[in-house]
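Novice: Here's a sequence, model it:
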Amino acid sequence: MPSSPPFFGWKVLYATFILAVFGWGVGFYGPPVFLHAVAQRTGWSVALVSGAVTLHFLAGTLVVANLPRLYRRAGIPRTTLGGAALLALGVAGWAVAQSPWQLYAAALFSGMGWVTLGAAAVNALIAPWFVRRRPAALGMAYNGASVGGIVFSPLWVFLIAHAGFAQAALWVGLAMVVVIAVLSRKVFAVTPQQLGQAPDGDAPAESASLGATPPARVGNLWCDRAFLTLAAGMALGLFAQIGLIAHLLSLLAPLLGAQTAGLAMGLATASAIAGRTLVGLLMPPDADRRMVAGVAYAVQIGGSLTLMLAADHAWAVWAGVVLFGSGIGNATSLPPLIAQSEFAREDAARVVPLIVALSQGAYAFAPALFGLLRTLLQASGLSLP
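Specialist: Numbers count the residues shown, from 1 in each chain. Presented below is the predicted three-dimensional model:
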């Protein structure tokens, strides 16, 4: 008898990891670098260019909220490739903009494109292939986001310094579009039904038994308590997290020095990978995932308080960075897992893009509001360490 083909879901997982590396490396970690490069090239104020960064993230909320509709109409492969092309075009616009309106138009394109390679897209790509193993699979796929920050943040700085922003945007954009095009055609276009495979590589009978008692469908999500609390929790958590991350380097530099503070930021990213991986591997299938998320946030709060009180103790600064960093990844990966366990499969496909859109709309304003808070505290003589 011929042996059955290997489970294709693993290829999907690895391809989604690569997609996340590009998505976050260009669309999430790129704009802070672009801000500095545009301000240097044009002489425009930081406030003006910061507005483009905020618009970049706000524009993405419109697309990600309608991502299921785009998938139905154009298909996942075309939507993903089209988004990568739009992101590359937008980044090129950042590099060559000669007036503020051109910069803001570029921010619209880049913002609408990057979310097709972001959190909701990762969940949509993984969901058909993994059910029982989804926590570990999503954890690994989302780790691509952290790797994207580790690789692309210094890469953008290096390329812009040595080749100019325009050439850097061309090279990275072209590489991204080519890679995503190959993955879309060879991997993302394949479905479990086409190969006759069940989620997790299980036998069809075993897979069917896993979904014997699915949650009931929800008519109106906006009147559903589970949806509202999940959306609010993710939005508030990411708002606080992104706000602190945006200012963490400038807060740590007076305590550790600029170079060492950069290493501390890298440690926070490594802690995010470790925290997300451990939760994905160790969380029991029947665990209360909201409770797990609550514990992850509690650890982050402990890390933040440690940083606030650690001005005279270097070891405490490093401990605070590790504790805070451990929850960075889980703030993104746990909400889709909560949606998987609490909503029917059809509803979860709507819930995840909506909570991601609401969260992105909230955290788009976080860096500016945290900056305003720091200014007010300094003016009142209560400046943070």
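
Novice: Name the residues that touch the helix or strand harbouring residue 269?
Specialist: Residue 269 is part of helix 258-282, with elements assigned from DSSP states H and E. For helix 258-282, contacts defined as Cβ atoms under 8 Å, 6 or more residues apart in numbering pick out 135-140, 142-143, 146-147, 149-150, 245, 248-249, 252-253, 255-256, 292, 296, 317-318, 321-330, 333-334. (Glycine included, C-beta is placed from N, CA and C.)

Novice: Show me what secondary structure element comes after it.
Specialist: That would be, after helix 258-282 and using DSSP H and E, helix 289-308.

Novice: Touching, residue 192 and residue 127? I think so.
Specialist: No - the criterion here is Cβ atoms under 8 Å, and residue 192 misses it with residue 127 at 10.6 Å.

Novice: Compare the two (neighbour count), which wins?
Specialist: residue 127 (20 against 17; other Cβ atoms under 10 Å).

Novice: That one and residue 187: what is the separation?
Specialist: Counting by Cβ to Cβ, to the nearest Å, the separation of residue 127 from residue 187 is 15 Å.

Novice: Same question for residue 296.
Specialist: 30 Å.

Novice: So these two - more neighbours on which side?
Specialist: residue 296 (22 against 19).

Novice: Run a quick check on the more buried one versus residue 326, I expect a contact.
Specialist: Yes - in this structure, residue 296 is within contact of residue 326 by Cβ under 8 Å, at 7.4 Å.

Novice: follow-up on the earlier one: among the contacts of helix 258-282, which ones are in helices?
Specialist: Judged by DSSP state H, these include 135-140, 142-143, 146-147, 149-150, 245, 248-249, 252-253, 255-256, 292, 296, 317-318, 321-326, 330, 333-334 as members of helices.

Novice: Show the buried residues in those.
Specialist: Using 16 or more other Cβ atoms under 10 Å as the burial test, the ones in helices among the contacts of helix 258-282 include 135-140, 142-143, 146-147, 149-150, 245, 248-249, 252, 255-256, 292, 296, 317-318, 321-326, 330, 333-334 as buried.

Novice: number of nearby residues for residue 82?
Specialist: Neighbour count for residue 82, taken as other Cβ under 10 Å: 17.

Novice: from what I can see it touches residue 73, true?
Specialist: No - counting by Cβ under 8 Å, residue 82 does not reach residue 73; the two are 11.4 Å apart.

Novice: Residue 148 versus residue 252, what's the distance?
Specialist: 22 Å.

Novice: Dead centre of this protein: give me the residue that sits there.
Specialist: Taking Cα atoms, centre = their mean, the centroid of the chain lies closest to residue 119, which sits 5.0 Å from it.

Novice: give the contact list for that residue.
Specialist: 142, 145, 332, 336, 352, 356.

Novice: And these, which two are furthest apart?
Specialist: 145 and 352 (15.3 Å; Cβ to Cβ).

Novice: which parts of the host helix or strand of residue 178 are buried?
Specialist: Assigned by DSSP H and E, residue 178 belongs to helix 165-183. In terms of neighbour count (16+ other Cβ under 10 Å), helix 165-183 has its buried residues at 165, 168-170, 172-173, 176-177, 179-180, 183.

Novice: Tell me how the chain divides into domains.
Specialist: 1-196, 221-384 (the TED database).

Novice: mind putting the ones you listed in CSV, distance to residue 202 included?
Specialist: Listed next are these as CSV, based on distance: least, Cβ to Cβ, whole Å:
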stretch, distance to residue 202
domain 1-196, 7
domain 221-384, 13
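
Novice: Which one of these has the poorest average confidence?
Specialist: Of all these, mean pLDDT reaches its minimum on domain 221-384 (a mean of 87).

Novice: which non-adjacent residue is nearest residue 103?
Specialist: Among residues not flanking residue 103 along the chain, residue 97 sits closest, at 4.0 Å (Cβ to Cβ, 6 or more residues apart in numbering).

Novice: Tell me how far that neighbour lies from residue 41.
Specialist: In terms of Cβ to Cβ, residue 97 sits 9 Å off from residue 41.

Novice: what do you get for residue 221?
Specialist: Residue 221 sits 44 Å away from residue 41, going by Cβ to Cβ.

Novice: Ok, residue 271 next?
Specialist: Distance, residue 271 to residue 41, using Cβ to Cβ: 34 Å.

Novice: Give me the more crowded residue out of those two.
Specialist: residue 271 (21 against 17).

Novice: for the nearest residue to the more buried one once chain neighbours are set aside, what are its contacts?
Specialist: For residue 271, ignoring the flanking residues on the chain, the nearest one in space by Cβ to Cβ, 6+ apart is residue 325 at 3.1 Å. Residue 325 makes contact with 267-272, 275, 303 under the criterion Cβ under 8 Å, 6+ apart.

Novice: repeat for residue 12
Specialist: So residue 12 contacts 125-126, 129, 187-188, 190 (Cβ under 8 Å, 6+ apart).

Novice: can you list these in TSV and add distance to residue 312 and secondary structure?
Specialist: Listed next are the contacts of residue 12 as TSV, based on distance: Cβ to Cβ, whole Å; DSSP: H, G, I helix; E, B strand; the rest coil:
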residue	distance to residue 312	secondary structure
125	47	helix
126	45	helix
129	50	coil
187	52	helix
188	52	helix
190	57	coil
